Every structure is written in C-alpha cells, then in structure tokens.
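[1] need coordinates for the below:
(one chain, ligands or ions: 1)
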Amino acid sequence: MFRNYIFLFFYCLLFACSTEPDQKKSQKQNKAKIEVPVFNADSAYYFIEKQVSFGPRAISSKGWENCAIWLENKFKTYTPNVMVQEGSITTYDGKNHTLKNIIASFSVEKNNRVALFAHWDTRHIADHDTKNKNAPILGANDGGSGVGVLIEMARQFSIKNPKIGVDIILFDAEDYGQPEDSDYPIMQDSWCLGSQYWAKNQHKQNYFARFGILLDMVGAKDATFTHEEISAYYGQNTLQKVWRKAHKLGFGNYFIFQNSKQIVDDHYYVNAITAIPTIDIIEYNPSTETNFNKHWHTHKDDMDNIDKNTLNAVGQTLLEVIYTE
Ligand SMILES: [Zn+2]
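    This next block holds a predicted model:
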C-alpha cells in the first residue's frame with residue numbers, strides 16, 4: 001500500500017513535469033499558428049475598376065444608384081448580414097437627398113468587434129481641376145480605393161473567419177462638401193454627411209466597436225500615410241498598432257512614423273459623436289499645396305491613379321491587424 005502511494009507520488013510528479021512544458025509548447029504553437037490570409041491586390045483593383053465603371057458616384061446620380069445596388073449585392077455574396085441605412089439630408093446647395101450607408105457585418109454574435117470605414121460616394125464637382133470644374137469626378141482613388149480594399153477584405157472574411165467580429169461601414173455623401181468659392185451661404189459641417197448621420201443614428205442599438213479604421217485615398221502610387229492629428233488624439237494605440245504591423249511586414253515606406261495636421265474626414269465625426277476611437281489612413285503628400293494626392297478632386301483621379309502595390313501595403317497590413325486581434 002505504502003509503495004503504491006510512493007508510486008502515485010512519483011507518477012504525479014512526472015505528470016506535472018511533463019505536462020507543463022507541453023502546455024506551454026502548445027500555447028506557443030497556437031500563437032505561431034495564426035495564419036493571416038494573403039491580400040489579393042488584383043482583386044481589390046478589380047473592385048475599384050468595377051465602381052469606376054458606373055461613372056461618377058455623387059449622391060442621387062445614376063452611377064451612385066447603380067453602384068449602391070452592386071455594393072449591396074456584392075457584400076451579400078460574402079455575408080448574410082448586409083444592410084443599407086437610409087437617411088434624409090440637405091446639402092449646402094439646398095438640395096434634398098436620401099443617403100445610403102452600406103453596412104456588411106461579420107460574426108454578428110461576437111461582442112468583441114472592430115469597425116472598418118470608407119466613403120463610397122465621389123465628388124460631384126472637380127473644383128481642384130483647371131477645366132470642367134463643374135463636372136463630377138470618377139474618384140478612383142478618392143472613394144473607390146478604400147471601398148475596393150474593404151470589399152477584398154470582406155471576401156477574405158468569408159473564406160476564413162477572423163476571431164473577432166468586424167463591421168464594414170461604407171459612408172455616403174462624404175464628398176459633397178461646400179467648395180471654397182461657393183456662392184451659397186456658408187454651411188457648417190457640409191462634408192461627411194453619411195458619417196454624421198451614422199454616428200447619430202447607429203445601425204444597431206448600443207453598437208460598439210473597440211476601435212475603428214477609416215480608409216480614404218489609399219490607392220495612389222507611392223502614397224505615404226502619416227499620423228494625422230485627430231487620429232493621434234483619439235486613437236494613438238490603434239495608430240501605433242497599425243503602423244508597427246506595417247513596418248513588420250516591410251511596408252515602412254508607405255506607413256511613416258510622422259505627425260501631420262488634422263483633416264476633417266469621416267473619422268472626425270465618428271470620434272466626436274460616438275465612443276469608438278477611430279483613425280484615418282489617408283494619403284499625406286508633402287509635395288502638393290493641399291498635402292493631398294496631386295489628382296485630388298480632379299478628372300485625373302481615374303484608374304491610372306491606382307497602384308496595386310499601395311493597395312497591397314494597406315490591405316495586407318489591415319488583414320494582419322484583424323486576424324491577430
Ligand atoms: Zn474627396
């Protein structure tokens with residue numbers, strides 16, 4: 001009997017010694033096992049081309065109408081949880097519109113969520129061009145690029161579910177802001193009407209995401225992304241996380257650790273109105289007067305303004321962020 005106890009004691013000791021390192025090993029293996037999908041920049045490029053094929057997508061235009069239908073149906077091939085949020089707005093020129101924010105959700109049952117944003121409308125005028133200033137622009141980069149990257153991400157989510165829940169929220173009427181030389185009376189907050197509407201009327205009661213990432217103008221050749229001031233104020237942790245991941249993946253020439261001036265973009269209203277700390281990944285160009293891409297709000301913002309390497313840098317970095325959360 002006594003011998004049996006001794007035997008049991010040594011057996012337990014052996015078991016304790018042998019399991020602990022094994023458990024540690026398997027935890028390590030689990031950590032190493034997270035496989036981040038490979039972003040397909042050809043696919044993202046195609047999704048931009050498709051949007052541009054509808055023509056300019058300024059609110060209430062024919063191209064806008066057709067593109068909205070395509071976006072909704074496209075997302076429905078990746079998730080059953082797609083909704084189009086409609087809202088009444090009046091633009092600076094006194095026109096009334098019904099805006100459409102297009103929302104695709106993944107793993108709706110999960111409370112641990114992240115929101116990814118972009119605007120899907122395009123500017124109704126080319127106020128920074130030298131000719132045809134009153135004609136609407138194609139917005140391949142300004143509008144199309146962020147959406148193209150996010151549709152490709154949706155495709156990846158449908159193939160392999162990330163551990164966290166994700167909401168892709170495409171804002172309408174970001175780019176219908178009042179131009180500088182406008183004859184209309186000055187309207188406050190004339191830009192970002194879709195995000196203002198969503199921030200005040202979220203698509204789901206008590207909606208919360210731990211953080212948000214907005215993509216805007218993420219497709220131009222050799223684009224650089226800096227730490228924009230509003231993003232740094234509200235979402236310093238997310239900024240650091242995203243930029244570090246980008247550097248780890250070898251995209252340090254796109255994601256620069258440098259502060260830059262504030263930009264009133266959709267993330268401004270998300271941050272000011274909701275409790276979701278949101279950053280903006282937006283091109284900062286030190287060589288232009290506006291610090292935006294040189295083709296910003298001109299007719300040259302077409303498919304020639306899109307570079308697959310930039311799409312890949314942004315898309316792969318975002319997949320890394322989402323799949324390691
Ligand atoms: Zn714009």
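[2] would you agree Gln156 is in contact with Gln316?
    No - shown here, Gln156 and Gln316 do not form a contact pair, counting by Cβ atoms under 8 Å, at 10.4 Å. In short, each C-beta sits where N, CA and C put it, glycine included.
[3] between the two, what contacts are shared?
    Taking Cβ atoms under 8 Å, 6 or more residues apart in numbering as the criterion, Gln156 and Gln316 both touch Phe39.
[4] and the residue of the stretch 1-150 of the chain found nearest the ion, what does it touch?
    Closest residue of the stretch 1-150 of the chain to the ion, Cβ to the ion: Asp142 (4.1 Å). Each residue near Asp142 by Cβ under 8 Å, 6+ apart is listed here: Thr122, Arg123, Asp175, Asp216, Met217, Asn293, Trp296, His297, Asp301.
[5] got it, and Thr91?
    Thr91 sits in contact with Ile59, His97, Ala173, Tyr176, Ser190, Leu193, where contact means Cβ under 8 Å, 6+ apart.
[6] and if you look at Glu283?
    Asn141, Met217, Val218, Ala220, Ala223, Thr224, Phe225, Phe292, Asn293.
[7] let's see that with 6 Å instead.
    Met217, Ala220, Ala223, Asn293 (Cβ atoms under 6 Å, 6 or more residues apart in numbering).
[8] can I assume Tyr92 sits in a strand?
    No - the assignment for Tyr92, made by DSSP: H, G, I helix; E, B strand; the rest coil, is coil rather than a strand.
[9] residues in contact with it?
    Gln178, Tyr184, Met187, Ser190 are the contacts of Tyr92 under Cβ under 6 Å, 6+ apart.
[10] quick check, nearest of the contacts of Glu283 to Leu150?
    Met217 (13.6 Å; Cβ to Cβ).
[11] thinking the closest one is in contact with Gly139, fair?
    No - using Cβ atoms under 6 Å as the test, Met217 is too far from Gly139 to be in contact (9.6 Å).
[12] residue boundaries of the strands in the stretch 201-325 of the chain?
    Per DSSP state E, counting those that start in this stretch, the stretch 201-325 of the chain carries strands over the ranges 211-216, 225-228, 255-260, 278-282.
[13] count of neighbours near Gly250?
    Neighbour count for Gly250, taken as other Cβ atoms under 10 Å: 10.
[14] that one and Glu320, how far apart?
    11 Å (Cβ to Cβ, to the nearest Å).
[15] could you do Ser60 as well?
    38 Å.
[16] same drill for those two, tell me which one is more crowded.
    For the pair Ser60 and Glu320, the greater number of neighbours falls to Glu320 (22 against 16), based on other Cβ under 10 Å.
[17] could you check the pLDDT of Glu35?
    We have a pLDDT of 92 for Glu35.
[18] enumerate the residues of this structure near the ion.
    Residues of the chain lying near the ion by Cβ under 5 Å from the ion: Asp142, Asp175.
[19] which ones are touching the residue nearest to Ile168 when sequence neighbours are not counted?
    What sits nearest to Ile168 in space, not counting adjacent residues and going by Cβ to Cβ, 6 or more residues apart in numbering, is Ala104, at 4.5 Å. Contacts for Ala104 (Cβ under 6 Å, 6+ apart) come out as Phe75, Thr79, Val82, Ala154, Ile168.
[20] now Gly177
    Going by Cβ under 6 Å, 6+ apart, the list of residues near Gly177 reads Ser190, Trp191.
[21] quick check: which ranges of the stretch 1-150 of the chain have low pLDDT?
    1-32 (pLDDT under 70).
[22] for the helix or strand containing Trp64, output the C-alpha coordinates as PDB.
    Assessed by DSSP states H and E, Trp64 sits inside helix 62-76. Listed in PDB are the C-alpha atoms of helix 62-76, where the atom choice follows Å, rounded to 0.1, in the frame of the first residue of the first chain:
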ATOM      1  CA  LYS A  62     -27.300  57.400 -61.900                       C
ATOM      2  CA  GLY A  63     -23.800  56.000 -61.200                       C
ATOM      3  CA  TRP A  64     -24.400  56.300 -57.500                       C
ATOM      4  CA  GLU A  65     -27.700  54.400 -57.800                       C
ATOM      5  CA  ASN A  66     -26.200  51.500 -59.800                       C
ATOM      6  CA  CYS A  67     -23.100  51.300 -57.700                       C
ATOM      7  CA  ALA A  68     -25.200  51.100 -54.500                       C
ATOM      8  CA  ILE A  69     -27.100  48.100 -55.800                       C
ATOM      9  CA  TRP A  70     -23.800  46.400 -56.900                       C
ATOM     10  CA  LEU A  71     -22.100  47.000 -53.500                       C
ATOM     11  CA  GLU A  72     -25.100  45.600 -51.600                       C
ATOM     12  CA  ASN A  73     -25.300  42.500 -53.800                       C
ATOM     13  CA  LYS A  74     -21.500  42.000 -53.700                       C
ATOM     14  CA  PHE A  75     -21.400  42.100 -49.900                       C
ATOM     15  CA  LYS A  76     -24.300  39.700 -49.800                       C
END
